[in-house]
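Undergrad: Test case, fold it:
(one chain, ligands or ions: 2)
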Amino acid sequence: MTQSITILGATGSIGRSTLDVVSRYPERFSVHAVAGGSRVEPLVDVCLSARPKRAVIADASKVVELEQALCTVGLGDIEVLGGPEAVSRLADDPDTDVVVQAVVGAAGVAPTFAAARAGKRLLLANKESVVCGGRLLMETVRNSGCELLPVDSEHNAIFQCLAGATEKARAGARIVLTASGGPFRGRTNLEGITPEQAVAHPKWSMGRKISVDSASLMNKGLEVIEARWLFGVDAGRIDVVIHPGSVVHSMVQFRDGAVKAQIGTPDMHLPIQYALTYPKRVPGVVPELDFAALKVLTFDVADDETFRCLAACKKAIKKGGLGPCAANGANEEAVKLFLEDKIGFLDIGRLVEAVVDSDSFGGEYTLSDVYECDRMAREFVRAHL
Ligand code: NDP
Ligand code: MG
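TA: Ligands and ions are numbered 1, 2, ... in the order given. Predicted coordinates:
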């Protein structure tokens with residue numbers, strides 16, 4: 001049976017790779033709806049290749065432009081909607097079975113929760129929504145029967161490593177998250193780094209925000225938090241190791257000492273396809289790994305003395321409650337300012353750490369507390385430049 005898919009963040013790096021996989025299996029998938037942020041031209045391109053019934057643009061001021069552009073290319077029959085609420089409404093549309101959530105940043109919180117509440121099969125790339133409201137999200141997922149499949153390569157790997165493990169085996173396991181180390185691996189002085197240097201990732205081709213996060217190791221800090229919630233593992237049982245080859249996507253060490261690793265070519269098509277076809281496996285779209293060419297796999301410790309974002313995320317987890325949400329909001333604002341050349345690379349870590357240190361953050365929270373905390377963290381950054 002064909003699955004009806006909605007792709008949020010369809011114009012981005014993950015969205016495009018998803019469309020690529022989907023287009024190779026027309027008998028399995030049809031694209032029901034797509035959503036983008038504010039760029040009209042790439043969204044029209046997506047519509048031309050995916051032919052969805054609906055297209056949403058989060059920036060409502062672009063609706064007319066999008067409608068006109070779609071008419072010009074003969075796609076005037078696509079229903080066009082605008083605004084952030086319309087993105088969330090797509091996530092719980094009864095005409096869709098699968099939601100691929102690939103919006104970047106905390107803007108993804110509302111659509112992630114909408115898809116979770118609706119009990120969809122949710123293919124989640126937007127790690128920021130897990131970081132901001134992890135406890136609440138996992139509660140929602142349990143209550144609605146939503147099937148959450150991680151797309152983030154490390155979490156997709158861990159998901160594969162844990163397949164078949166009993167509750168008890170899972171509870172006693174340690175998670176080992178691998179990190180490429182980014183473009184500044186091995187450096188102990190991060191002064192003077194430019195946005196162009198920071199977005200030039202040696203192994204992965206990704207959106208600009210996550211590329212900067214990878215360079216600062218904020219991405220790995222966010223992923224520790226993401227793993228904590230997705231797999232219900234205490235953060236003390238999650239380790240980070242630097243693995244420059246990016247071939248081992250992550251590992252699980254069981255209490256008998258056995259380690260399961262998921263290994264493969266570093267290409268996001270792979271985890272996306274696995275999540276799309278789970279529990280089946282279909283022929284891959286990426287080249288198979290050549291072990292003879294690979295020869296060695298190397299590992300190293302992660303330097304959180306130099307990469308303060310990673311240290312700040314660890315502190316945020318210890319604080320609990322909305323600590324991770326504040327770290328995430330501060331990081332998003334700081335990365336935006338860094339990409340606009342308004343602050344230095346080292347300021348990102350300084351600001352994220354400062355926001356985490358500024359409050360105790362503990363305790364229960366609601367979804368509106370998440371939005372408020374995100375807003376306050378961004379304000380904190382702007383006030384402490
Ligand atoms: P991109 O920047 O390439 O794409 C982001 C997408 O989100 C675009 O479609 C963009 O639209 C859309 N968008 C931006 N703002 C909004 C908004 N306010 N409301 C709705 N949509 C919005 O990011 P990536 O594809 O790299 O990353 C997407 C998510 O996946 C992130 O959370 C990232 O951490 C995660 N991820 C990415 C990986 C990767 O390899 N790229 C790997 C693992 C996880 P527009 O084009 O109009 O701006
Ligand atoms: Mg990742």
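Undergrad: C-alpha only now, for contacts and for neighbours.
TA: Fine.
Undergrad: could you dump stretch 242-254 to CSV, C-alpha only?
TA: Output in CSV follows, covering the C-alpha atoms of stretch 242-254 (Å, rounded to 0.1, in the frame of the first residue of the first chain):
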residue,chain,number,x,y,z
ILE,A,242,35.4,11.6,18.4
HIS,A,243,35.5,9.4,15.3
PRO,A,244,36.7,11.5,12.4
GLY,A,245,35.8,8.9,9.7
SER,A,246,32.1,9.2,10.5
VAL,A,247,31.6,5.6,9.4
VAL,A,248,30.5,4.3,12.8
HIS,A,249,27.3,6.2,13.3
SER,A,250,27.0,5.3,17.0
MET,A,251,27.2,2.3,19.3
VAL,A,252,25.5,0.6,22.2
GLN,A,253,27.5,-1.2,24.9
PHE,A,254,25.6,-3.9,26.7
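Undergrad: Can you confirm whether it lies near ligand 2?
TA: No: Stretch 242-254 stays clear of ligand 2 (Cα under 5 Å from the ion), getting no nearer than 8.4 Å.
Undergrad: Which one of the residues in the stretch 201-350 of the chain is closest to ligand 2?
TA: residue 223 (6.7 Å; Cα to the ion).
Undergrad: unless I'm mixing things up, residue 183 is touching residue 196, no?
TA: No: applying Cα atoms under 8 Å, one finds residue 183 not in contact with residue 196, separated by 10.9 Å.
Undergrad: neighbour-wise, which of those two wins?
TA: Set residue 183 next to residue 196 and count neighbours by other Cα atoms under 10 Å: residue 183 wins out with 20 against 11.
Undergrad: Next, count neighbours for the residue nearest to residue 118 when sequence neighbours are not counted.
TA: Once flanking residues are discounted, residue 118 sits nearest to residue 92: 5.3 Å by Cα to Cα, 6 or more residues apart in numbering. Neighbours of residue 92 under the rule other Cα under 10 Å: 23.
Undergrad: I'd guess residue 34 is in a strand, am I close?
TA: Yes: checked against DSSP: H, G, I helix; E, B strand; the rest coil, residue 34 lies within a strand.
Undergrad: What separation is there between residue 373 and ligand 2?
TA: The spacing between residue 373 and ligand 2, counted by Cα to the ion, to the nearest Å, is 24 Å.
Undergrad: does that residue sit in a helix or strand, and which one?
TA: helix 367-383 (DSSP states H and E).
Undergrad: Not counting its neighbours along the chain, what's nearest the residue of the stretch 201-350 of the chain closest to ligand 2?
TA: residue 127 (7.3 Å).
Undergrad: Which pLDDT value does the model give residue 198?
TA: On the pLDDT scale, residue 198 is placed at 97.
Undergrad: And the helix or strand that contains it, what does it pack against?
TA: In this structure, residue 198 is located in helix 195-199 according to DSSP H and E. Judged by 3 or more Cα pairs under 8 Å, 6 or more residues apart in numbering; DSSP states H and E, helix 195-199 is in contact with helix 208-216.
Undergrad: Is any residue of the helix it packs on near ligand 2?
TA: No: Helix 208-216 is not in contact with ligand 2 by Cα under 5 Å from the ion; minimum separation 8.6 Å.
Undergrad: Using CSV, list the CA coordinates for that helix.
TA: Taking C-alpha atoms only, helix 208-216 is exported to CSV below (Å, rounded to 0.1, in the frame of the first residue of the first chain):
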residue,chain,number,x,y,z
ARG,A,208,24.1,26.2,7.8
LYS,A,209,22.8,26.1,11.4
ILE,A,210,23.6,22.5,12.0
SER,A,211,27.0,22.9,10.3
VAL,A,212,27.9,25.6,12.8
ASP,A,213,26.6,23.4,15.6
SER,A,214,28.8,20.6,14.4
ALA,A,215,31.8,22.9,14.3
SER,A,216,31.2,24.1,17.9
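Undergrad: Run through the neighbouring helices and strands of it.
TA: Partner elements for helix 208-216 (3+ Cα pairs under 8 Å, 6+ apart): helix 195-199, helix 218-230, helix 308-319, helix 323-339.
Undergrad: between the longest one and helix 367-383, how big is the angle?
TA: Counting by axes from the mean of the first three to the mean of the last three Cα atoms, to 10 degrees, helix 323-339 lies at 40 degrees to helix 367-383.
Undergrad: Quick one: mean pLDDT over helix 323-339.
TA: pLDDT averaged over helix 323-339 gives 98.
Undergrad: Can you give me the neighbour number for the residue of the stretch 251-385 of the chain at minimum distance from ligand 1?
TA: Distance from ligand 1 to each residue of the stretch 251-385 of the chain (Cα to the nearest ligand atom) is smallest for residue 268, at 5.8 Å. The number of residues packed near residue 268 is 19, by other Cα under 10 Å.
Undergrad: My guess is residue 89 contacts residue 112. True?
TA: No: counting by Cα under 8 Å, residue 89 stays clear of residue 112, with 10.8 Å between them.
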